[in-house]
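A.B. asks: Provide a 3D model corresponding to the input given below.
(chains A and B)
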Amino acid sequence: MINWGKVWSDFFIFLALTSNVGFIFSHDPYQLVIAIGVNLLATVLKFGAKKILAAELLATALVADLHLIPATILYFMETHVPLAIGLAIGAAVANVISIVMLVIEIIFEYQKEEEL
Amino acid sequence: MKNNNRKKQKHYGDVRPKNYRAIYEEKFYDILFQLRYPLMTVIFFTTIGVLALMIINGKSDGTSVLNYFFHTVITFSTVGYTEGYDVDPQHLMMNRFFATIFIIISIPFVYMYGLVTTVNVFINSNIAEIYNYWRMYKAMEQLRGHYIICRFNGITRELMKNLKRRGIKFVLVEPDPSLEQDIKDFGVDFYVIDEPHKRSVLLGVGIEHAKGLVTAFEDNTQDLSVIVTARLIRPDKEHFMVFATATTEGAAEKMKLLGANEVIVPDVSVGRRMTSFILHPPSPVLSGFLEKIAYGERTDIDIMEIRIDSNSDLVGKKLKDIRMRQETGATIVAIIRADGKMKIAPSGETEIKEGDSLIVLGHPKALKRVEEFFESHQIENEEEVART
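C.D. replies: Here you go, the predicted model:
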């Protein structure tokens, strides 16, 4: 049976990475607005999740946000655009780590189900 | 007397202590969990609003995006200006049309659901209370040399009142949750509502750093289980005191054998006190004076017993020569010899012998100095022994 709650939260975690990477290559303002919106959604979705790596997942999401928020401000102020792109790359790395931990989480949960 | 060479021993079973602070940290986290969906709607609609206005107006420079962000937020917060920026006439119709639709959709979701729920969560979740518990348990973790008191009743109330007056720290463990309000009203600094016979609970209230434990249940079996659990974690009777109450002398004996340092049977103690009133009719001045000292009701005077063993270099000296009263301010009121004979109000010529018990009376601060005074005479001697 597919767990729709998981589809929902995983969807935003993956979308956070893809939209972020999309901005790094397109340098497009629309893409940036989508990326920051999705990243914030992914962070909020991790609130209160009682998983094994919950704290680490929330930490990476906050790192991604704290990269993207200054990146957005810098980009729209048109002052340090290369720095904005750099920050977005940093956020993408945080998102990749987030996905790696998500996979570890899935393996742990799978093992737990096996034991039962 | 010194316990600085006591190493941290691994206790039996290796149970993990219950972390009371973490329980309340988790409650904070639960509040965040409740904010998940309301915050998501706010973020989602903000993103959609900004994006749609960017697309409709075909502008993506910084000033415009900031304007669209502002426009979106004032829309769903029902503050409601018109556009706070110049709109290209060709985009005006579309802009207004989108704004109308956006208001209709976003106000119920973002304003009614998102913002109202967020405020509601904050109002209903007793954040202040959770914070108070969290602060209490965080401070409890720092306690060293405190006492653990089990059960909130008349006996422990009196005990806590006296400990408080002396500034001795303690943690109360009470299994009955219905007494929590009474405990709060009584003004207990540190308490947990939990079963004290569980290892995790005793470890959680810091039994490993505690000086002693008092268990005063009405029921002997509960006292026994607490004593045994505590003794298994802290087997050393000298460094960790366990005091208990029992309903019968037989139970008291068992408790002592199982690890309690002292056990009081309340009925027997009260009966004996009554007998003493009959045998020595109370006088208005003296009545209860020694009792008050012995039970610590007076904070300005206290009594203590000092044992003189063979390690002390005071053995064989006369009382006037050791100059204890001049150095500490406390007085030796009696000497109990090794054979049990008591010498009341000893003169300066009295000689200290091995095995003596000196009864010292004085201000609690003076008695602290007395302790140090006798300890200093002890240590010098030990060092001399080590050197030779």
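
A.B. asks: so who does residue 54 touch?
C.D. replies: With no chain named, the answer covers chain A. A:K46 (CB atoms under 8 Å, 6 or more residues apart in numbering or on different chains). The C-beta positions use only the backbone N, C-alpha and C, and glycine is treated the same way.

A.B. asks: actually, chain B is the one I wanted.
C.D. replies: B:M54 neighbours (CB under 8 Å, 6+ apart): A:P29, A:Y30, A:V33, B:S60, B:S64, B:V65, B:Y68.

A.B. asks: next up, phi/psi of the fourth one, please.
C.D. replies: Torsion angles at B:S60 (phi, psi; degrees, to the nearest 10) stand at phi -140, psi 20.

A.B. asks: leaving out the residues flanking it, which one is nearest to it?
C.D. replies: A:P29 (3.7 Å; CB to CB, 6 or more residues apart in numbering or on different chains).

A.B. asks: can you tell me how far that neighbour is from A:N39?
C.D. replies: Look at A:P29 and A:N39: by CB to CB, to the nearest Å, they are 16 Å apart.

A.B. asks: centre of chain B to the edge, which residue is at the far end?
C.D. replies: Most distant from the centre of chain B: B:Q90, at 70.4 Å, with distances by CA atoms, centre = their mean.

A.B. asks: now that residue, what's its secondary structure?
C.D. replies: helix (DSSP: H, G, I helix; E, B strand; the rest coil).

A.B. asks: which positions in chain A make contact with chain B?
C.D. replies: The interface of chain A toward chain B, taken as CB under 8 Å from any CB of the partner chain, is made up of A:29-30, A:33-34, A:36-38, A:40-41, A:44-45, A:47-50, A:75-78.

A.B. asks: more neighbours, A:P29 and A:N39?
C.D. replies: Taking other CB atoms under 10 Å in any protein chain shown, A:P29 and A:N39 do not tie; A:N39 has more neighbours (28 against 20).

A.B. asks: which ones are touching that one?
C.D. replies: A:A16, A:S19, A:N20, A:A61, A:A64, A:D65, A:L68, A:A91, A:N95.

A.B. asks: which one of these is nearest B:L203?
C.D. replies: When the contacts of A:N39 are ranked by distance to B:L203 (CB to CB), A:A61 comes first, at 34.2 Å.

A.B. asks: grab the nearest non-local neighbour of the closest one.
C.D. replies: That would be A:T43: by CB to CB, 6+ apart, it lies 4.1 Å from A:A61.

A.B. asks: which SSE is the one you found in?
C.D. replies: helix A:29-45 (DSSP states H and E).

A.B. asks: ok, then the element right after that helix?
C.D. replies: For helix A:29-45, the following helix or strand on the C-terminal side (DSSP H and E) is helix A:54-77.

A.B. asks: tell me which residues in that following helix are buried?
C.D. replies: A:54, A:56-61, A:63-65, A:67-68, A:71-72, A:74-76 (16 or more other CB atoms under 10 Å in any protein chain shown).

A.B. asks: next, the angle helix A:29-45 makes with it.
C.D. replies: 160 degrees (axes from the mean of the first three to the mean of the last three CA atoms, to 10 degrees).

A.B. asks: how far does helix A:54-77 sit from its chain's centre?
C.D. replies: 9 Å (CA atoms, centre = their mean, to the nearest Å).

A.B. asks: so which elements touch the next helix or strand after that helix?
C.D. replies: With elements assigned by DSSP H and E, the helix or strand that comes after helix A:54-77 is helix A:81-115. Where contact means 3 or more CB pairs under 8 Å, 6 or more residues apart in numbering or on different chains; DSSP states H and E, helix A:81-115 is packed against helix A:4-26, helix A:29-45, helix A:54-77.
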